[in-house]
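>>> here's my sequence, what's the structure:
(one chain, ligands or ions: 2)
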Amino acid sequence: MQMQTPGREKIVALLQSKEIGRDVTVKGWVRTKRGNKNIAFIALNDGSTIHNLQLVVDVASFDAEILKLITTGAAICAKGKLVESTGNGQPVEVQVANIEVYGTADAETYPLQKKGHSLEFLREIAHLRPRTNTFGAVLRIRHAMAFAIHKYFNDKGFVYVHTPIITGSDAEGAGAMFTVTTLDLENLPRKDDKSVNFAEDFFGKHTNLTVSGQLEGELTAMALSEIYTFGPTFRAENSNTPRHLAEFWMIEPEMAFYEIKENMDLAEDFIKYLVRYAFENCADDLKFLNDMWDKELLERLQSVVNTEFVRLDYTEGVEILMKADQKFEFPVSWGVDLQSEHERYLVEKHFKKPVILTNYPKEIKAFYMKQNDDGKTVRAMDVLFPKIGEIIGGSQREESYDKLMARIEELNIPLKDMWWYIDTRRFGTVPHSGFGLGFERLLLFVTGMANIRDVIPFPRTPNNAEF
Ligand code: ATP
Ligand code: MN
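Ligands and ions are numbered 1, 2, ... in the order given. Reported below is the predicted structural model:
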């Protein structure tokens, strides 16, 4: 790994260094300081790894006032000799010759002075929680997964497309939207019927934050054939669950010439690739999270990589659920939208592996999904995962102009916002498919964290946008 950085060496590289005896400079934040009146041990972390570097300080050769400033949370620069460690737990340590304190952290008021805070408490200090082992690990894994997503698609020749964050269409149907406006809220312009006159707004119409890049993704797939988006999406759903955020990131590949089967193959291959990538590149962080929070994490990850996902019709899934020897909070019958408890029953209890559920009733799925010949179902596919429930939602898209229009009319979707989408079905339409992977749902699975608020640096949920 190339780990050059100006004026210091990264701890991740130093811990693997074989060049004992040389002079090194390290910079970072103090995790702990312990010792006696002769010798002090400082555990230093710079965020490059879950592991700390041990600094050994001969107390007599330092100004006592300086050493007093070195408390948990303080930022320092240390120079000294890299030596083999005599203690267990680390291969090398630094015999310190010189210390500079960049910033102190008052022991009385620094909130992370002690270890072992609850995840709930850490959410209240989201500005400081990246300094904990847990969030360091989560953020490094988050980075690695983002990188792996780009690598996967790039290696396959997919084109990364940036779809708009501000959208003029409110017909995407994926959830309640946040309005974007520059109108004076104290003095809103009104039409004769008293409704707000968005013609006077910045864009000359009502605009929202996007809930999905799919519709625009389809437009570009109709030219570049295989594309993906990876960006923030926003849903004003008032659902305070451990799996929903108001602002989350989504990966949405969209492929011309793919039918539902190829779409499922891609989704399964993609997610296995990401888990394998995490295994190969985030081993230390995964082991930490496994030992700290979720003793079955590594096992669960391994089982997903090594197993073929079940592919099952919605109708069969409902039959299994109706026969289940478990009482559900929401009763099941053909036609209902499945809840997380149902999805998890299929995955965790019945099949004990991930399930791709297809051919859902058209009434509970979006207007653009390809209609099956039975007149009742559409070619939707949801990928259901242990502990999470739905991690991916996708479908083959309806490419027939006539069938799409018929559905749009049935559902009374306002055409004036959608003409550009319909045009793809008028000019060179082809069979095509795509799906959306919720980035934070993926991270819930890969990190084993139980709450989606703990896999994004600054979560946005109802009544929470402090940081
Ligand atoms: P759910 O039924 O779980 O609310 P959905 O069916 O509304 O999800 P889709 O519109 O299919 O979700 O979005 C695609 C993917 O985006 C989902 O499979 C999920 O991984 C993720 N996702 C959806 N809503 C949220 C949210 N509020 N917070 C985080 N991820 C989400
Ligand atoms: Mn869905």
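
>>> which residues does the residue positioned nearest the centre of the chain contact?
The centre of the chain sits closest to E440, judged by Cα atoms, centre = their mean, with a distance of 2.4 Å. For E440, the contacting residues are 245, 248-249, 452, 455-456, taking Cβ atoms under 8 Å, 6 or more residues apart in numbering as the criterion. (Glycine included, C-beta is placed from N, CA and C.)

>>> weed out the non-buried ones from those.
Burial of the contacts of E440 was assessed by neighbour count (16 or more other Cβ atoms under 10 Å); the buried members are 245, 248-249, 452, 455-456.

>>> which SS class is the residue nearest to the centre of the chain?
Reduced to three states with DSSP: H, G, I helix; E, B strand; the rest coil, the structure at E440 is helix.

>>> distance of it from ligand 1?
Relative to ligand 1, E440 is positioned 5 Å away (Cβ to the nearest ligand atom, to the nearest Å).

>>> same question, L301
When distance is defined by Cβ to the nearest ligand atom, L301 is 18 Å away from ligand 1.

>>> likewise L15?
As defined by Cβ to the nearest ligand atom, L15 lies at a distance of 35 Å from ligand 1.

>>> count the neighbours of that residue for me.
Number of residues near L15 (other Cβ atoms under 10 Å) recorded here: 19.

>>> quick check: it vs N52, distance?
In this structure, L15 and N52 are 9 Å apart, going by Cβ to Cβ, to the nearest Å.

>>> what do the two both touch?
Overlap of the contact sets of L15 and N52 (by Cβ under 8 Å, 6+ apart) consists of Q90.

>>> surely L357 meets R379?
No. With contact defined as Cβ atoms under 8 Å, L357 does not count as touching R379 (11.7 Å).

>>> contact residues of the stretch 301-450 of the chain facing ligand 1?
Within reach of ligand 1 by Cβ under 6 Å from any ligand atom, the stretch 301-450 of the chain has these residues: 390-393, 436, 438, 440-441.

>>> identify the farthest-apart pair in those.
Distances among these were taken as Cβ to Cβ; the most separated pair is G393 and E440, at 14.1 Å.

>>> and stretch 106-113, which residues are buried?
Using 16+ other Cβ under 10 Å, the residues of stretch 106-113 that count as buried are 110-112.

>>> show me where pLDDT drops low in the stretch 151-300 of the chain?
171-174 (pLDDT under 70).

>>> what segments of it are strands?
Under the criterion DSSP state E, counting those that start in this stretch, strands of the stretch 151-300 of the chain are mapped to 159-160, 166-167, 179-180, 207-209, 226-234, 247-256.

>>> quick one, what contacts the residue lying farthest from the centre of the chain?
Relative to the C-alpha centroid of the chain, counting by Cα atoms, centre = their mean, A60 is the outermost residue, at 48.7 Å. With contacts taken as Cβ under 8 Å, 6+ apart, A60 has the following neighbours: N38.

>>> assign a three-state SS to it, would you?
Assigned state for A60: helix (three-state reduction, three-state DSSP).

>>> quick one: it from L357, how far?
Following Cβ to Cβ, the distance that separates A60 from L357 is 69 Å.

>>> repeat for H162
Counting by Cβ to Cβ, the separation of H162 from L357 is 31 Å.

>>> G28: neighbouring residues, count only.
G28 sits with 24 neighbouring residues when counted by other Cβ under 10 Å.

>>> okay, and it sits in which element?
strand 23-35 (DSSP states H and E).

>>> count of neighbours near the residue lying closest to H342 once chain neighbours are set aside?
Closest residue to H342 apart from its sequence neighbours, by Cβ to Cβ, 6 or more residues apart in numbering: L321 at 5.4 Å. Under the neighbour criterion other Cβ under 10 Å, L321 is assigned a count of 21.

>>> what comes up buried for the helix or strand harbouring L321?
Under the criterion DSSP H and E, the helix or strand holding L321 is helix 314-323. Of the residues in helix 314-323, those scored as buried under the neighbour-count criterion (16+ other Cβ under 10 Å) are 314-315, 317-318, 320-321.

>>> as JSON lines, these with pLDDT and distance to T233 would be great.
Putting the buried residues of helix 314-323 into JSON lines (pLDDT from 0 to 100; distance: Cβ to Cβ, whole Å) gives the following:
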{"residue": "Y314", "pLDDT": "98", "distance to T233": "25"}
{"residue": "T315", "pLDDT": "98", "distance to T233": "30"}
{"residue": "G317", "pLDDT": "98", "distance to T233": "27"}
{"residue": "V318", "pLDDT": "98", "distance to T233": "29"}
{"residue": "I320", "pLDDT": "98", "distance to T233": "32"}
{"residue": "L321", "pLDDT": "97", "distance to T233": "29"}
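
>>> which among those residues gets closest to ligand 1?
Using Cβ to the nearest ligand atom, the shortest approach to ligand 1 within the buried residues of helix 314-323 belongs to Y314, at 13.6 Å.

>>> what does the stretch 101-250 of the chain have sitting close to ligand 1?
174-175, 235, 237, 244-245, 248, 250.

>>> neighbours around the residue nearest to H117 when sequence neighbours are not counted, how many?
Once flanking residues are discounted, H117 sits nearest to T132: 7.5 Å by Cβ to Cβ, 6+ apart. With neighbours defined by other Cβ under 10 Å, the count for T132 comes to 18.

>>> about what we covered before: okay, the strands of the stretch 151-300 of the chain, which one's buried deepest?
Ranked by mean neighbour count under mean count of other Cβ atoms under 10 Å, the strands of the stretch 151-300 of the chain are led by strand 247-256, which reaches a mean of 23.

>>> between strand 226-234 and that one, find me the angle.
Relative orientation of strand 247-256 and strand 226-234, computed by axes from the mean of the first three to the mean of the last three Cα atoms, to 10 degrees: 160 degrees.

>>> what number of residues lie near Q339?
Neighbour number of Q339 under other Cβ under 10 Å is 15.

>>> now swap in the one 5 residues further on and tell me
Neighbour count of R344, defined by other Cβ under 10 Å: 19.

>>> okay, now the unreliable bits of the stretch 1-150 of the chain?
Low-confidence segments of the stretch 1-150 of the chain (pLDDT under 70): 1-3.

>>> show me where it has its helices.
11-14, 64-69, 119-124, 133-155 (DSSP state H, counting those that start in this stretch).
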